[in-house]
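Student: Predicted structure and sequence below. I'll ask about it afterward.
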Amino acid sequence: MDDISYQFNYDLEGNLLNFKDLTLSYKYGKLVNIESINSNLQISYEYNSKGIRTKKVVNNLIYEYTTFNDLILSEKISKKNSDNSI
């Protein structure tokens, strides 16, 4: 069996920055972007002022979350067109 090893890189706050072919970025301690070097995978996240995720975009799919207080009540999924319009 071949030994497989991976290198993990973290920022000063302990957030994972790199893993395999993924690059992760953060804003105010919240994950905001994941990009793959070897594929077309790109994921982005948005949060409200309470830090609750309100939107996630995975390539051309958009997930929008309706929140109340600290709870996610519903999820709406839509698809971007080739010109990035919804």
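Tutor: Alright, I've got the coordinates.
Student: Tell me how many other residues surround E75.
Tutor: Counted with other C-beta atoms under 10 Å, residues neighbouring E75 total 10. To be clear about C-beta, it is placed using only N, CA and C from the backbone, and glycine gets the same treatment.
Student: hang on, it packs against Y63?
Tutor: Yes - shown here, E75 and Y63 form a contact pair, counting by C-beta atoms under 8 Å, at 5.8 Å.
Student: where does the closest residue to S36 other than its chain neighbours fall, phi/psi-wise?
Tutor: Nearest residue to S36, sequence neighbours excluded (C-beta to C-beta, 6 or more residues apart in numbering): D21, at 5.3 Å. Phi and psi for D21, reported as degrees, to the nearest 10, are phi -100, psi 20.
Student: List the contacts of D21.
Tutor: Neighbour list for D21: 36-39 [criterion: C-beta atoms under 8 Å, 6 or more residues apart in numbering].
Student: what about the protein, any weak spots by pLDDT?
Tutor: 1, 82-86 (pLDDT under 70).
Student: Tell me where it has strands.
Tutor: 9-10, 16-19, 22-27, 30-36, 42-47, 53-58, 61-68, 71-79 (DSSP state E).
Student: Which strands or helices does the fifth one pack on?
Tutor: The one in question is strand 42-47. strand 30-36, strand 53-58 (3 or more C-beta pairs under 8 Å, 6 or more residues apart in numbering; DSSP states H and E).
Student: Reformat the ones you listed as JSON lines; add distance to N15 and mean neighbour count.
Tutor: What follows is the helices and strands packed on strand 42-47, written out as JSON lines (distance: least, C-beta to C-beta, whole Å; neighbours: other C-beta atoms under 10 Å):
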{"stretch": "strand 30-36", "distance to N15": "8", "mean neighbour count": "14"}
{"stretch": "strand 53-58", "distance to N15": "16", "mean neighbour count": "15"}
